[in-house]
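Participant: Turn this into a model:
(chains A, B and C)
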Amino acid sequence: MEYLYFLYIELLHKYNLPEFIGMTTFPLLPFCVVAVALILVVLFLVLMERKVLAFFTQRKGPNRVGPWGLFQTIADAIKLLCKENITPTGAEKFMFNLAPLLAFVPVMVIWGLIPFSSEFDFMSYSVSALLFMTIASIPILGILLAGYASNNKYSLIGSFRAVAQAISYELPLVFVLVSVVVLASSLNLRQIVLAQISVYPFCGWFIFPAFLGFLIFFICATAELNRCPFDLPEAESELVSGYNTEYSGMKFAFFFLAEYAMMFIMCAFMATLFLGGFLSPFGFYLSEKFINNTFWAQISVYFEQVFWLFLKTFFLIFCMMLVRATLPRLKSNQLMGFAWKVLLPLSFLNLFFICCYKYFIYAK
Amino acid sequence: MNFDVLEKFNVEIIKKENSFDKIRVEASKLCDLLNFLKNNAEFDFDRLNTIIAIDLIDNFELIYDLHSTQIGQHTQISIIVDRNSPKVPSITEIFKSAYFDECEIFDLFGIEFTNNKNLKRLFMPKGWIGHPLRKDYKQTDERLSWNEKEEVNGKQ
Amino acid sequence: MTTKNKLKINIGPQHPSTHGVLRLVLELEGEIIKSCEPVIGYLHRGMEKMAESHTYLQYLPIVDRIDYLSGFFNSFAYCNAVENLTQIEVSKRSQYIRVLTMEMNRLSSHLLWLGTFLLDMGATSPLFYTFRDREVILSLFEELTGQRLMYNYYTFGGLRHDVSSDWLDKITDFVKIMPKKIQDYENIITNNPIFTTRTKNIGIMSKNSALQYSITGPNLRATGINVDSRKTIHPFACSPIQLIYPELDFQIPTAQNGDSFDRYKVRVEEMKACLKLISQCVDWLKSNSGEVISPIKQPLLKVPEGEFISNVEAPRGVCSCYVKSDGSTKPYRVKWRTGSFYAVQILPKLLENAFYPDLMAIFGSLDVILPEVDR
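Facilitator: Next comes the predicted model:
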């Protein structure tokens, strides 16, 4: 980090700019990088989702705008930007406009908490795992607000469902997180990743002791993200589009963006907790092997770590898409029953098992 | 099928060339007859296929098409309705499916079904004037007479 | 509970899962449906009034539009009534072709139903798979009649033209691959725990209430009543096509409980039965030849005075066509009886105290199509 800071100051000196500009703007830079990167990732993710679903249903998917339809999402984004921002007459105007921001901004913030490589993480706190869960539950307020402020019955039912669902699925999620924290003996996400290093390649990943926990986490994350088969809040056959029925244009785009960004972040979080995060699955980094220059090897290791994290994340996203293409939607009472009667006891069991494992085997 | 048992309902079996045999009954005895045909083990007509209304210029004819799932037979019961005061007893108590049929006939023919409590227009809008399937029906609603206006314009 | 605690919600007429323009006025208490009132008539085109101002032949193409997913059945019911009134003999070959096309039509209609039913339940993929197979049938129909949905293929006393042996070969190929695909659907749907919990014991229709509400077709057979107008004989409404069906070997699938799952099961089994019928018809058509063009002059056909009701087992229940003729070139009165009209009527009863998401599992399984309701 310091090294980067000096590079930045030197760059400013070249253009005869005072140092305090560098001091004040440097902390903001990561956020800009993060925001741009996140939006790019989401653009790709939307395209990926459409392509993957098309593949599963024997279609071609978007293939008109750019090569293989690569620019389709950009075209969609431009369309959404150009659309008129409609606020329904019966809506609570202030809250109606606030809701998309409330759903979108926290997602932007938690993105920085994920450790992308062993050196760079934009925000590293000793309790970052806890902070992640805390901020990740804010967007639900935006959804509740959207449902309330739209003055539409479909939206209202959709947001009720979303809140009920988020609260019930947060519990098992946190209990599984606790089991991971027990394994790593740390709440810092980078420490959690580093605790997964072992002598043999990928054997130290927490997915092995906590496989049950991983499954629970995957299911709960799917529910938290309101994705199929848990997409009740926006079930189009029942509630037209759920909480975002009344939204159009850029305000809708914010919800859309937040949803997909959250999906990516959740999967990255899952990869960090269970799949060794930025660690290479081979036990060594490819760059270390093939690049002789120590300095450049070190630099490329960082990039490689980002690559591994992204690869694992996209694998998890692919699994989520596979689930979406296969299963029908659950019913709201089944959904609740599943969370409270099945997942919560199982997550307790998982925690108990992990504690025993930690006490008897791992510690020795 | 032996229809002699139906004597007590004053039925008349109408046989016409190129047509099915109809059991003609007075409107007042319709409910009793349907009840009998439904609950009698020999006939067992347990399903009302449909009600057909026909405008015969002088009066209306209603044909109740019954079906027996056990024997697999259809039978048709016909009643004549006076055109000036078209009122018929409702049979929704006997066959619940008749509700939509009766609403439809009320809507399109203007035949009223007494003791059908929730009789309403089924297809046409609520404030529609006239009953479209009557032979003497003329479109009189000014809001909808775009066809005639165009013709007038064409002539001018 | 006072009405204050109830949420009145209007589903439709424009709603993704009402399959057209049905409007349901629901009263919800939480997510439990307390009352439901179907409002229909948004697609009323006056089919019955139209008949009175068209000649018999002019009315024939309109008939296909009553149920656009199974046009052959409506066409057949109308042609059959007119043929019986004018006493035209229909040649055996054209009857076989009629059965063949009708059964293929039933298959395509059920395929579309399967896709949209699962789509209503939130599964997107089955729709594309069923549409893929339906596409094969539709292109076969297009090759035969020049149309994909509104066929206008039957005429009074025969067909527009004969089928080619090439076309029959294509059907043979189709019949060969189709059972495997139906098996695929069953593998992914029938044992899916989410699907079964959402449909089993949901929207139970008892035998008695099904008959009370005049439910017909697969919905009735799912309650355990084995009634199919293809198997039964009607003395008053004897249809010439019923001479053909007894020559064919097929089973009528039934189920016991009358819930949404059984309705699904019956329809899937019916698809298999359709395939059996299709292959039998193709075999007969390949080994026999005959005339299919009608001997009578179609335009300005004068139908002798009389009346007739013809019944046909359409994919959505019994489709009856009543035709009354006064001896002129135009029908005096035509009345249509369709299965969906009565399936909509039973909705309030089935939805009573159901969960709101069950609405899709119940309504979807009834296979209602709105043009058929409103006509």
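Participant: Write out the residues of chain A neighbouring chain C.
Facilitator: Contact residues, chain A versus chain C (Cβ under 8 Å from any Cβ of the partner chain): A:53, A:56-59, A:153-154, A:157, A:228-229, A:231-232, A:235-238, A:240, A:324-334. Yep, even glycine has a C-beta here, placed from its N, CA and C like the rest.
Participant: So how do I select the buried members of the residues you listed in PyMOL?
Facilitator: The PyMOL selection below is limited to those of the residues of chain A next to chain C classed as buried (16 or more other Cβ atoms under 10 Å in any protein chain shown):
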select buried, chain A and resi 53+56+57+153+154+157+228+229+231+232+235+236+237+238+240+324+325+326+327+328+329+330+331+332+334
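Participant: Which of the residues of chain A next to chain C fall in helices?
Facilitator: A:53, A:56, A:153-154, A:157, A:236-238, A:324-326, A:332-334 (DSSP state H).
Participant: Show me the two of these that sit farthest apart.
Facilitator: The most widely separated members of these, counting by Cβ to Cβ, are A:Phe56 and A:Lys153 (33.3 Å).
Participant: Where do the helices of the stretch 151-300 of chain A begin and end?
Facilitator: Secondary structure of the stretch 151-300 of chain A by DSSP state H, counting those that start in this stretch: the helices cover A:153-184, A:189-194, A:211-224, A:236-239, A:249-274, A:286-290, A:294-326.
Participant: Point out where chain C drops to low pLDDT.
Facilitator: Scanning chain C for pLDDT under 70 picks out the ranges C:1-4, C:232-243.
Participant: By proximity to chain A, which residue of it wins?
Facilitator: Closest to chain A within chain C is C:Gly122: 2.6 Å, counting by Cβ to the nearest Cβ.
Participant: Could you find the closest non-adjacent residue to that residue?
Facilitator: Using Cβ to Cβ, 6 or more residues apart in numbering or on different chains and skipping the chain neighbours, the partner closest in space to C:Gly122 is A:Arg329 (2.6 Å).
Participant: for A:Ile39, what are its contacts?
Facilitator: A:Leu257 (Cβ atoms under 8 Å, 6 or more residues apart in numbering or on different chains).
Participant: residues contacting the residue of chain C closest to chain A?
Facilitator: C:Gly122 neighbours (Cβ under 8 Å, 6+ apart): A:Cys228, A:Pro229, A:Asp231, A:Ala235, A:Ser237, A:Leu327, A:Pro328, A:Arg329.
Participant: Nearest to chain B among those residues?
Facilitator: A:Ser237 (25.4 Å).
Participant: For chain A, what's the nearest residue on chain B?
Facilitator: Closest point on chain B to chain A, by Cβ to the nearest Cβ, is B:Lys126, at 23.8 Å.
Participant: Count the neighbours of C:Tyr153 for me.
Facilitator: Residues contacting C:Tyr153 under the criterion other Cβ atoms under 10 Å in any protein chain shown number 23.
Participant: ok, now A:Leu7?
Facilitator: 10.
Participant: Is the longest helix along chain B positioned near chain C?
Facilitator: The single longest helix within chain B, with elements called by DSSP H, is helix B:98-109. Yes - against chain C, helix B:98-109 shows contacts by Cβ under 8 Å from any Cβ at B:Tyr99, B:Phe100, B:Leu108.
Participant: Of the residues you listed - the most surrounded one?
Facilitator: The most crowded member of the residues of helix B:98-109 next to chain C, judged by other Cβ under 10 Å, is B:Leu108 (24 neighbours).
Participant: for that residue, what are its contacts?
Facilitator: B:Ala53, B:Phe123, B:Met124, B:His131, B:Pro132, B:Leu133, B:Arg134, C:Glu48.
Participant: low pLDDT regions in chain B?
Facilitator: For chain B, the ranges with pLDDT under 70 are B:1-3, B:140-156.
Participant: Chain A contacts on the stretch 51-200 of chain C?
Facilitator: Near chain A, when you scan the stretch 51-200 of chain C using Cβ under 8 Å from any Cβ, you find C:118-125, C:127-129, C:132, C:188, C:192, C:194-195, C:197-198.
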